[in-house]
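> Only the shape, not the letters, is given here:
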């Protein structure tokens, strides 16, 4: 039937796009199975969002010089009733394609704000929680942060308690909408971090043009850190450049004592990674902070 032919062509087109565009793809039955799986998983995700089944996890961001937890990155997790823990690498693209990412982003903000308020009160008045923003969310026309700001005002939380993490690709071809949103965040006191720095294509002029507060060195650099290595040289260059521009630096993916020591010696401000802790549920993170306070 013509309908089937069009559906199959559509699936082949998505496969070609997914493989990097500027190519063609033949339809195969495996594509149909994959499309059905995506559709089922998207429907399950929609149910999880509506039914409050998503979970928020936090990974500590450690101040390298003192070794204390000053910040946390908020991450979303989904425990599927049949499939178990579904990787964000699998469900975030589905959330973006279906528009669910907007609801997930709003929920993440409310949860992050709730915990940031508590941790500022109980642990440190300058504690910050970082929230990731999908490029799709950030680039939406006509959608600002008014609802975010209303919520922060309603619970009495200072904007400085939050950091919004965006990818550097967003700044490459910043539209009026992106620029307007960055100004909105600045005016509300919310800081901005550039995630995965060094892996994209930003011109360095963007670091001056926009109000960026943190650079996050991508784990692909951290993974191979060794004295005299090119990754070490690049990391040192990023740290020096960031400090010259008045930005602070967070290294991602720190897993060994050697990496920690090299980054500290290079003047890196903060680090996160399995050396300190994996992402953990909010109550476990709360316990971690209590232990830190007890030791102090």
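All right, it came through fine. For clarity, every value in this text was computed on a predicted model and none was experimentally measured. Numbers count the residues shown, from 1 in each chain.

> Now for the chain, the helix or strand with the poorest mean pLDDT.
Lowest by mean pLDDT, DSSP states H and E among the helices and strands of the chain is helix 2-18, with a mean of 64.

> So which residues of the stretch 1-150 of the chain form strands?
Counting by DSSP state E, counting those that start in this stretch, the stretch 1-150 of the chain has strands at residues 54-63, 68-80, 84-86, 128-132.

> got TSV for the ones you listed, with distance to residue 284, mean pLDDT and mean neighbour count too?
The C-beta positions use only the backbone N, C-alpha and C, and glycine is treated the same way. Below are the strands of the stretch 1-150 of the chain laid out as TSV (distance: least, C-beta to C-beta, whole Å; pLDDT from 0 to 100; neighbours: other C-beta atoms under 10 Å):
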stretch	distance to residue 284	mean pLDDT	mean neighbour count
strand 54-63	8	96	20
strand 68-80	12	94	20
strand 84-86	15	86	12
strand 128-132	15	96	23
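
> Same list (those strands) but as CSV, adding distance to residue 217.
CSV is the format used below for those (distance: least, C-beta to C-beta, whole Å):
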stretch, distance to residue 217
strand 54-63, 12
strand 68-80, 14
strand 84-86, 27
strand 128-132, 14
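
> how about these, which one is nearest residue 273?
Shortest distance between residue 273 and the strands of the stretch 1-150 of the chain, using C-beta to C-beta, is found for strand 54-63: 8.3 Å.

> quick one: strands adjacent to the closest one?
Strand pairing for strand 54-63, determined by DSSP bridges: strand 68-80 (antiparallel), strand 270-271 (antiparallel), strand 280-281 (antiparallel).

> quick one on the thing from earlier: between the strands of the stretch 1-150 of the chain, which one is closest to residue 109.
That would be strand 128-132 among the strands of the stretch 1-150 of the chain, by C-beta to C-beta, at 6.0 Å.

> Give me the contacts around the closest one.
Residues outside strand 128-132 that contact it (C-beta atoms under 8 Å, 6 or more residues apart in numbering) are 58, 61, 70-75, 105, 108-109, 112-113, 115-116, 119, 160-165, 191, 193, 195.

> Partner strands of it, with direction?
strand 68-80 (parallel), strand 162-167 (parallel).

> Redo those as TSV? Include distance to residue 210.
Output for these, formatted as TSV (distance: least, C-beta to C-beta, whole Å):
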stretch	distance to residue 210
strand 68-80	21
strand 162-167	10
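
> And for residue 63, nearest residue in space, chain neighbours not counted?
Leaving aside its sequence neighbours, residue 63 sits nearest to residue 70 (C-beta to C-beta, 6 or more residues apart in numbering; 4.7 Å).

> residues touching that neighbour, list them.
By C-beta under 8 Å, 6+ apart, residue 70 lies in contact with 61-63, 124, 126-128, 270.

> re the thing from before, please produce a markdown table containing the strands paired with strand 54-63, extended by distance to residue 99.
Listed next are those as a markdown table, based on distance: least, C-beta to C-beta, whole Å:
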| stretch | distance to residue 99 |
| --- | --- |
| strand 68-80 | 16 |
| strand 270-271 | 33 |
| strand 280-281 | 27 |
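
> I'd like to know which of these is closest to residue 150.
Going by C-beta to C-beta, the one of the strands paired with strand 54-63 nearest residue 150 is strand 68-80, 19.5 Å.

> In the stretch 151-296 of the chain, mark out all the helices, start to finish.
For the stretch 151-296 of the chain, applying DSSP state H, counting those that start in this stretch gives helices covering 169-172, 176-187, 205-209, 219-222, 230-244, 257-265, 282-295.

> quick one: which of the strands paired with strand 128-132 is nearest residue 216?
The nearest among the strands paired with strand 128-132, by C-beta to C-beta, is strand 162-167 at 7.1 Å.

> roughly how far out does the closest one sit from the chain middle?
7 Å (C-alpha atoms, centre = their mean, to the nearest Å).
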